[in-house]
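# One predicted model, sequence on top.
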Amino acid sequence: MDTFHPIDNEDTSAGAEKKEKKKEDNEKKEGDEKNKNKKNRVNTLKLFSVFFKVGTFTIGGGYAMIPLIQVEVIQNKKWLDNREFVEILGITQSLPGPLITNFALLAGYRLNGIKGGLFSLLGAILPSFLVILIIVIHLWQFAEHRAVQAAFQGIRPVVVALIISAAIKLGKGILRKRYTFFLFLFFLGTLLLFHVHPLLVIIIGALAGFFRPYLFKNI
Amino acid sequence: MLALMEYEIVQIRGWMIPSEFIDIIAVAEMTPGPIATNTATFIGYRVAGPGGAALATLGVIFPSLLLVLPAAWLFNRYRENKGMQQIMEGIHPAVISLIVLAAFILGKDVMIDLKSYLIFGAGLVLLLFTRTHPLLLIALGATAGLLLYL
């Protein structure tokens, strides 16, 4: 099962011509990459348990997971840095399907191939699956209980605060260049005023980034 | 997504009545995890027991599984590429703006009175100026809710 090397792919599939030319270079790089890969490879059970924790406390939709992942995966475990996190999130937002399941798959894949992706996914969805089974079987009235309702009324504003602070912390870390900050303001304005589809800002962002050398020479 | 589910399950298949469907969504929003998978688990159980719950949940994540794995492979393969890095740099601001948008959309539904603004403000101050763990903050929020709303 351990034959999948997401990071190694770059070397094995590079053009033959290029490989010839840079053979020496590549051999050295291959060694480095393998070491890096080994170091980066994260135990599947650890992936499962961290995403289980994240899945358990993601209440109120996918975006509530972001602050939790930030603390668990970036700060505590240091599996990903802010940049990688935002990149994975970008792909997640461009694909259909729930945010947390897509994210768990992508991050798990990045950290330990297909196996890592599947274990992370399982960890992320198992908590809600179990909680719901328990509720449907035993506690159907639980949701209507006044105390539960009151607690949730307190939790919801906290979730909003969590998401905002996650955006601020991420933004501080990666929107360092002036043009990226302008793009951010432009996108936010567009999203709030014109209700455009999320995918549209991602596509525009990708194009702006790609043509940046021609478009934003001065900023 | 929910609209599509309602159409298929209530209108076409007649597996449940509309009010039952609305109850299920309310609970799906309160329980942890994505609302799509939660709703699927619920409906699967109601219609066909625990096995139905498991299969319905798998069904709702399967399409993204098919799309996400190739995307993950492509991304890992080309992430060191110069053009790809430029693209990613342009995507960063889009991602952050979408996170802020999510907060705005959620906030519109959630900030309904002075108390909710107070809880939100206190939470934000704690998050930005102290190292409070998100889970502790959620617990504090639940406590505040019990004290203020019960």
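Cool, the structure landed.
# tell me the domain boundaries of chain A?
A:1-12+A:39-173, A:175-219 (automatic domain parsing).
# and residue 44, how many neighbours?
No chain was given, so I picked chain A. Neighbour count for A:Thr44, taken as other Cβ atoms under 10 Å in any protein chain shown: 21. C-beta coordinates here come from the backbone N, C-alpha and C atoms, glycine included.
# switch to chain B, that's the one I care about
26.
# ok, now how distant is the residue nearest to the spatial centre of chain B from A:Leu170?
Chain B has B:Pro34 as the residue nearest its centroid, 4.2 Å off, counting by Cα atoms, centre = their mean. The gap separating B:Pro34 from A:Leu170 is 21 Å, by Cβ to Cβ, to the nearest Å.
# now A:Phe52
For A:Phe52 relative to A:Leu170 (Cβ to Cβ), the value is 23 Å.
# And the two? Which one has more around it.
The neighbour comparison of A:Phe52 against A:Leu170 (other Cβ under 10 Å) goes to A:Leu170, with 23 against 17.
# Now do the same contact list for the more buried one.
Taking Cβ atoms under 8 Å, 6 or more residues apart in numbering or on different chains, we find A:Leu170 in contact with A:Gln70, A:Asn82, A:Phe85, A:Val86, B:Ile96, B:Ile99.
# Can you tell me the element it falls in?
Taking DSSP states H and E as the criterion, A:Leu170 maps to helix A:146-174.
# low pLDDT regions in chain B?
For chain B, residues meeting the criterion pLDDT under 70 lie at B:1-3.
# no no, chain A
Across chain A, the stretches falling below the confidence threshold (pLDDT under 70) are A:1-40, A:60-61, A:139-144, A:216-219.
# again, only using 50
For chain A, the stretches flagged by pLDDT under 50 are A:1-39.
# want to try a markdown table for the contacts of A:Leu170, with distance to B:Leu58 and secondary structure as columns?
A markdown table is the format used below for the contacts of A:Leu170 (distance: Cβ to Cβ, whole Å; DSSP: H, G, I helix; E, B strand; the rest coil):
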| residue | distance to B:Leu58 | secondary structure |
| --- | --- | --- |
| A:Gln70 | 29 | helix |
| A:Asn82 | 33 | helix |
| A:Phe85 | 27 | helix |
| A:Val86 | 29 | helix |
| B:Ile96 | 32 | helix |
| B:Ile99 | 28 | helix |
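# can you list those residues in CSV and add distance to A:Thr58 and neighbour count?
Below are those laid out as CSV (distance: Cβ to Cβ, whole Å; neighbours: other Cβ atoms under 10 Å in any protein chain shown):
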residue, distance to A:Thr58, neighbour count
A:Gln70, 13, 20
A:Asn82, 20, 16
A:Phe85, 16, 23
A:Val86, 18, 23
B:Ile96, 19, 29
B:Ile99, 14, 23
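# So in chain B, which helix runs the longest?
The residue-count maximum for a helix in chain B (DSSP state H) belongs to helix B:35-78.
# what about that helix and chain A, touching?
Yes. Using Cβ under 8 Å from any Cβ of the partner chain, helix B:35-78 reaches chain A at B:35-38, B:41-42, B:45-46, B:50, B:53-54, B:57, B:60-61, B:63-65, B:67-69, B:71-73, B:75-77.
# hmm, which of those are the buried ones?
When the residues of helix B:35-78 next to chain A are checked for burial by 16 or more other Cβ atoms under 10 Å in any protein chain shown, the buried set is B:35-38, B:41-42, B:45-46, B:53-54, B:57, B:60-61, B:64-65, B:67-69, B:71-73, B:75-76.
# show me the contacts for the nearest residue to B:Leu127 once chain neighbours are set aside.
The shortest distance from B:Leu127 to any non-neighbouring residue, by Cβ to Cβ, 6 or more residues apart in numbering or on different chains, is to A:Ser165 (3.9 Å). Contacts for A:Ser165 (Cβ under 8 Å, 6+ apart) come out as A:Pro67, B:Leu124, B:Leu127, B:Leu128.
# Most neighbours among these, which one?
A:Pro67 (29 neighbours).
# so what's the backbone phi/psi at A:Leu80?
The phi/psi pair for A:Leu80 (degrees, to the nearest 10) reads phi -130, psi 160.
# so how many other residues sit close to it?
A:Leu80 has 20 neighbours, counted by other Cβ under 10 Å.
# and the gap between it and A:Thr180?
A:Leu80 sits 19 Å away from A:Thr180, going by Cβ to Cβ.
# cool, B:Thr57 as well?
Distance, B:Thr57 to A:Thr180, using Cβ to Cβ: 38 Å.
# report the longest helix in chain A, please.
Under DSSP H, chain A gives helix A:99-138 as its longest helix.
# Buried residues, that helix. List them.
The neighbour-count check on helix A:99-138 (16+ other Cβ under 10 Å) flags A:99-114, A:116-129, A:131-133, A:135-136 as buried.
# so what secondary structure elements neighbour the host helix or strand of A:Tyr214?
Taking DSSP H and E as the definition, A:Tyr214 sits inside helix A:212-215. Contacts defined by 3 or more Cβ pairs under 8 Å, 6 or more residues apart in numbering or on different chains; DSSP states H and E place helix A:212-215 against helix B:82-110.
# The helix it packs on: how far from the chain's middle?
Relative to its parent chain, helix B:82-110 has a centroid offset of 16 Å by Cα atoms, centre = their mean, to the nearest Å.
# now do stretch A:184-201
Distance, centroid of stretch A:184-201 to centroid of chain: 20 Å (Cα atoms, centre = their mean).
# go on, stretch B:125-136?
Once both centres are worked out by Cα atoms, centre = their mean, stretch B:125-136 turns out to sit 21 Å from its chain's centre.
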